[in-house]
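Visitor: This is a predicted model, with the sequence first.
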Amino acid sequence: MNPIHIAKKWLAYRRTMNELGGLSNQALNDIGLTRYDIRDIAARVYR
């Protein structure tokens, strides 16, 4: 796999983790997520 492609995917994973991780529990609840969901969602971006 292309190293640039891997780096872009990893950056998207980190960005997703940071964005969702920065939300309050109430904001996550408002969009139907919990803190436990964040890693799974970010992993979908990485695939």
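Guide: Structure received. Numbers count the residues shown, from 1 in each chain.
Visitor: Show residues contacting the one helix or strand His5 maps to.
Guide: Secondary structure here is read from DSSP states H and E; on that basis His5 sits in helix 3-21. Contacts of helix 3-21 with the rest of the structure, by Cβ atoms under 8 Å, 6 or more residues apart in numbering, involve 28, 33, 38-39, 41-43, 45-46. Backbone N, C-alpha and C define where each C-beta goes, glycine included.
Visitor: The same query, at a cut-off of 7 Å, please.
Guide: Applying Cβ atoms under 7 Å, 6 or more residues apart in numbering, the set of residues contacting helix 3-21 from outside is 38, 41-42, 45-46.
Visitor: Could you point out the helix or strand that follows it?
Guide: Read in the C-terminal direction, the helix or strand following helix 3-21 is helix 25-30, with elements assigned using DSSP H and E.
Visitor: Would you mark the buried spots in that next one?
Guide: For helix 25-30, the buried set under the neighbour-count rule, 16 or more other Cβ atoms under 10 Å, comprises Leu28.
Visitor: Quick check, pLDDT for Met1.
Guide: Turning to Met1, the model gives it a pLDDT of 73.
Visitor: What is the burial count for it?
Guide: Burial of Met1 is recorded as 6 neighbouring residues (other Cβ atoms under 10 Å).
Visitor: I'd like to know how far it sits from Thr16.
Guide: In this structure, Met1 and Thr16 are separated by 20 Å, where distance is defined by Cβ to Cβ, to the nearest Å.
Visitor: Now do the helix or strand of the chain with the lowest mean pLDDT and helix 3-21, the angle between them.
Guide: Considering only helices and strands, the least confidently modelled element of the chain by mean pLDDT, DSSP states H and E is helix 35-46, at a mean of 91. Taking axes from the mean of the first three to the mean of the last three Cα atoms, to 10 degrees, one finds helix 35-46 and helix 3-21 inclined to each other by 160 degrees.
Visitor: Who are the contact partners of Ile41?
Guide: Under the criterion of Cβ under 7 Å, 6+ apart, the contact list for Ile41 reads 16, 20.
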